[in-house]
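J.: the following comprises the amino acid sequence and a computationally predicted model.
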Amino acid sequence: MVAGFNWTFPLACLLVGVTAVLLCFGALVTTYDAAMAVPDWPATYGHNMFLFPFADWFYGPWDLFLEHGHRLLGATVGLITLALATLVWLREPNATVRGLVAAAVLLVVVQGALGGARVLLDDKTVAKVHACTGPLFFAVAVAIAALTGRGATAASASGGPALRVAVALLVAAYVQLVAGAQLRHLDAAVVTPVMFRWLVAIHLAGAAAVAGLSWAAVPLCRSQGSGAAGRWAVVIAALVACQLALGVGAWFVSWGVPSGLLPAAWMPNEPLAARSGRGAAVVTGHVVLGMLILGGSVALAMATGLFARHPARATA
Amino acid sequence: MTTMKIIPACRLLIAGLCVAAAVGCGKTPPAYFRPNMVEATKQRLTADQEKQVATILLAMFGTPDDPVCLPETGLDEAKLRLAAGPVRSDIVGRKNGLYREHCAHCHGVTGDALGPTAAFLNPYPRDYRPGVFKFKSTERADKPTHADLVRLLHNGVPGTSMPSFALLPAVQVEALVEYVKYLSMRGETELALMRAFFELDDDAQGKLPETREFLVDETLSPVAEKWRAAADAQIQVPPMPADIDMVASIAKGRELFYGDKANCVKCHGVTGLGDGQANDYDDWNKAIVEIGKELASGTTKAREASTAGMSPEELSEHRAQLAWLDKFGKVLDGDALEPRTIPPRNLRHGIYRGGRRPIDLYYRIHAGINGAPMPAAKGTVPPEDIWHIVNYIRSLPYGLDGELGADKPMLARDRF
């Protein structure tokens, strides 16, 4: 071990990476309606979660693979968060980092409990809250990684319009994920066509807001922010463009091309395929990309001065 | 200073948690079957009568989570239980709650076509409750066979939002078909019960008899019998002659298409683009349109009526009528979608909703499409001529040079 090496940053990066995989599994669980593939919690079919036979999981039914895999990844993220919290508590003097890590511990515990409650109560409302808390935790993990990175102390705090746009983008990206979670966890027994129409309208308005803010951020960050801010802004703008295409694709693979939208000769003459791998990839990809945009927005906000860490004040 | 820095992080975290919490303010209530309020209001049922219908249906059909299946329905309870209830699966991957996983978001938990996404779909999803199905191998007024519904689920309905479930295991498709039949029988029974109040005599005091004879023998069994009889009601299709001269057959089909007997041109248009008469409604939408018209004229009449010369009884009746009209308007807002016309099919796309096999087109032409304005050719066009029309229709997506020419209509003069 290298004496004095800052292990916080690699551990935070590991947390971000494993959380991203966890969120992919979570998105797939929703896509395949696999949340109730394991009826008990925290055990898995009576086994201790970690001792559930590997072959039964890995070579078992797809739904079980997703749900149990989601649980294992969740537990892994919890353990990494605790290790990071211990390290930060012992080594990290920065109060913002300490606060964010405390928030991460709180969120990971709440999120685990929500996951358990979703299964034990078999309740879609809890599932929706669970789906909204996941990205929030991811955002906090990205913030920790960004703050503990080598470039954090060097980041110039540009503030001003760039920071305001970046924070607005961060909020819009999160609200958009919340709106998306409502559409993904549709409870046909509760949601009426009128409510669904409103949810779609909110999601579309959110998409317009995220697109507008992300594209407005590019010139602002390139002119006012640091080099990192400019690069993040470009990456996010590109991701948002892909996300819009995926959003349209998600609609098409779920409900087909709206009649009258395309010239008649372009309309597909094959029916949609329920439960196709392509459809699942598009819909899940839309969710995962939304989370990546949120993570990118956190990095952008920090690069433009959110939680700016001035070396002189850091140890104050 | 450090405290100052932590505040924005906390603010964001708290805001995020508030948003997360706001999306779920209470536990999801258990799923329930929505009463057919349009019919209940149309029949002017009282709250007690609505409650009696709900109680009877609960006893006869159970709930979405716990369906009941009387032997008279002929349904397989094991299959129903696979499709009913919330979505879950066991350790070997057997899945329950298939209907709510795959169908309910469009067709609704009750099968009333009022699922969350319904308003966005064009055409609207099918409302199973009237027991009317379009694409089948039986005569127009008959129910589809079990195989018809299995094929429809397997193939989907091209050109609509109804997907193909070909990737689902056969046992799951079977369960879904059984559940669709269950919802349809429940819906038809509900309609029959609501309409039965109208025929009650004064001795009944506005209550339906709760006897087995009335509920099962007179109400449920006729509905179930129609489903049972479907297997024997399949259209007998004479095979298309193997040595048929296709060019001559297409020419003959074209003649029939534009002729008075088949008169397909009336709706499908001279170009076959579906640009003929296009202002009609299917039965589901027509019912709402007619109720809407009745409401509009009733409201105008009631508002224009002078109450000055009315007796107390007439005044009370007048007020009851106004209250009913007001209630019906609200029911329509919540329990019915905006009516849409049904455009005739564009025959030049090569997209056939009920299946693209020649025999599928034969069924459509022979029996018409139940619930839609498409009439039956049976009785006016001989069976062998129906094959000619089928061959002509199958040639329409292609231009004269044999190239796929969808949306490139022939000139009208070339057709006559």
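T.: Yep, it's here.
J.: whichever residue of the stretch 151-300 of chain A sits closest to chain B: what secondary structure?
T.: Nearest residue of the stretch 151-300 of chain A to chain B (C-beta to the nearest C-beta) works out as A:Pro271 at 3.0 Å. No exception for glycine: its C-beta is placed from N, CA and C like everyone else's. For A:Pro271, the secondary-structure state derived from DSSP: H, G, I helix; E, B strand; the rest coil is coil.
J.: who are the neighbours in contact with it?
T.: Contacts of A:Pro271 were listed using C-beta atoms under 8 Å, 6 or more residues apart in numbering or on different chains, and they are B:Asn155, B:Gly156, B:Val157, B:Pro158, B:Gly159, B:Thr160, B:Met162, B:Pro163, B:Ser164.
J.: swap in B:Ala230?
T.: B:Ala230 sits in contact with B:Lys136, B:Thr138, B:Asp142, B:Lys143, B:Pro144, B:Thr145, B:His146, B:Asp148, where contact means C-beta under 8 Å, 6+ apart.
J.: list the helices and strands the host helix or strand of A:Thr19 packs on?
T.: Here A:Thr19, judged by DSSP states H and E, is contained in helix A:8-31. Packed against helix A:8-31 by the contact rule (3 or more C-beta pairs under 8 Å, 6 or more residues apart in numbering or on different chains; DSSP states H and E) you find helix A:62-91, helix A:124-148, helix A:277-303.
J.: run the angle between the first one and helix A:8-31 for me.
T.: When you say that, I think you mean helix A:62-91. Helix A:62-91 runs at 160 degrees relative to helix A:8-31, counting by axes from the mean of the first three to the mean of the last three C-alpha atoms, to 10 degrees.
J.: does the next helix or strand after helix A:62-91 reach chain B?
T.: Proceeding N to C from helix A:62-91, the next assigned helix or strand is helix A:95-121, under DSSP H and E. Yes - using C-beta under 8 Å from any C-beta of the partner chain, helix A:95-121 reaches chain B at A:Ala95, A:Thr96, A:Arg98, A:Gly99, A:Leu100, A:Ala103, A:Leu107, A:Leu121.
J.: biggest separation within those, which pair?
T.: Farthest pair in the residues of helix A:95-121 next to chain B (C-beta to C-beta) is A:Ala95 and A:Leu121. Separation: 37.5 Å.
J.: of the contacts of A:Pro271, buried ones?
T.: Buried positions within the contacts of A:Pro271, assessed by neighbour count (16 or more other C-beta atoms under 10 Å in any protein chain shown), are B:Asn155, B:Gly156, B:Val157, B:Pro158, B:Gly159, B:Thr160, B:Met162, B:Pro163, B:Ser164.
J.: show me where the stretch 1-150 of chain B has helices.
T.: For the stretch 1-150 of chain B, the helices defined by DSSP state H, counting those that start in this stretch cover B:2-22, B:37-42, B:47-61, B:77-83, B:98-102, B:104-107, B:146-155.
J.: pull the CA atoms of stretch B:345-356 into CSV?
T.: Provided in CSV are the C-alpha atoms of stretch B:345-356 (Å, rounded to 0.1, in the frame of the first residue of the first chain):
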residue,chain,number,x,y,z
ARG,B,345,-58.8,-0.1,-44.4
ASN,B,346,-56.2,1.1,-46.9
LEU,B,347,-55.9,-2.0,-49.0
ARG,B,348,-52.7,-0.9,-50.6
HIS,B,349,-50.5,-1.2,-47.5
GLY,B,350,-50.6,-4.9,-47.3
ILE,B,351,-51.3,-4.5,-43.6
TYR,B,352,-54.2,-6.8,-42.7
ARG,B,353,-55.3,-6.5,-39.0
GLY,B,354,-57.1,-9.8,-38.8
GLY,B,355,-54.3,-11.8,-40.5
ARG,B,356,-52.7,-11.9,-43.9
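J.: the longest helix in chain B is where?
T.: Counting residues, the longest helix in chain B under DSSP state H turns out to be helix B:170-196.
J.: setting aside sequence neighbours, what's the nearest residue to A:Gly256?
T.: Residue nearest to A:Gly256 in three dimensions, not counting chain neighbours: B:Ser161, with 4.6 Å by C-beta to C-beta, 6 or more residues apart in numbering or on different chains.
J.: residue contacts, that neighbour?
T.: A:Trp255, A:Gly256, A:Leu272, B:Cys106, B:Thr117, B:Leu121, B:Pro125.
J.: tabulate these (a markdown table), appending pLDDT.
T.: Below are those laid out as a markdown table (pLDDT from 0 to 100):
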| residue | pLDDT |
| --- | --- |
| A:Trp255 | 88 |
| A:Gly256 | 87 |
| A:Leu272 | 91 |
| B:Cys106 | 96 |
| B:Thr117 | 94 |
| B:Leu121 | 92 |
| B:Pro125 | 95 |
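J.: of the residues you listed, closest to B:Ile288?
T.: Of those, the one sitting nearest to B:Ile288 (C-beta to C-beta) turns out to be B:Pro125, at 14.7 Å.
J.: excluding its backbone neighbours, what's nearest the closest one?
T.: With C-beta to C-beta, 6+ apart as the criterion, B:Pro125 has its nearest non-adjacent residue at 4.1 Å, and that residue is B:Cys106.
J.: that neighbour is in contact with B:Leu114, isn't it?
T.: No - contact criterion C-beta atoms under 8 Å: B:Cys106 and B:Leu114 do not qualify, at 9.5 Å.
J.: derive a ChimeraX selection command for the buried subset of the contacts of B:Ser161.
T.: A single ChimeraX command selects the buried members of these (16+ other C-beta under 10 Å):
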select /A:255,256,272 /B:106,117,121,125
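J.: returning to that earlier point: pull out the buried members of the contacts of B:Ala230.
T.: For those, buried by 16+ other C-beta under 10 Å: B:Lys136, B:Thr138, B:Asp142, B:Lys143, B:Pro144, B:Thr145, B:Asp148.
J.: so what pLDDT did the fourth one get?
T.: According to the prediction, B:Lys143 has pLDDT 97.
J.: quickly note the distance from the closest residue to it other than its chain neighbours to chain A.
T.: If the residues on either side of it in the chain are set aside, B:Lys143 comes closest to B:Ala230, at 4.2 Å by C-beta to C-beta, 6+ apart. The gap separating B:Ala230 from chain A is 24 Å, by C-beta to the nearest C-beta, to the nearest Å.
J.: quick check: B:Ala230 vs A:Met302, distance?
T.: 66 Å (C-beta to C-beta, to the nearest Å).
J.: and A:Ile236, by the same measure?
T.: 13 Å.
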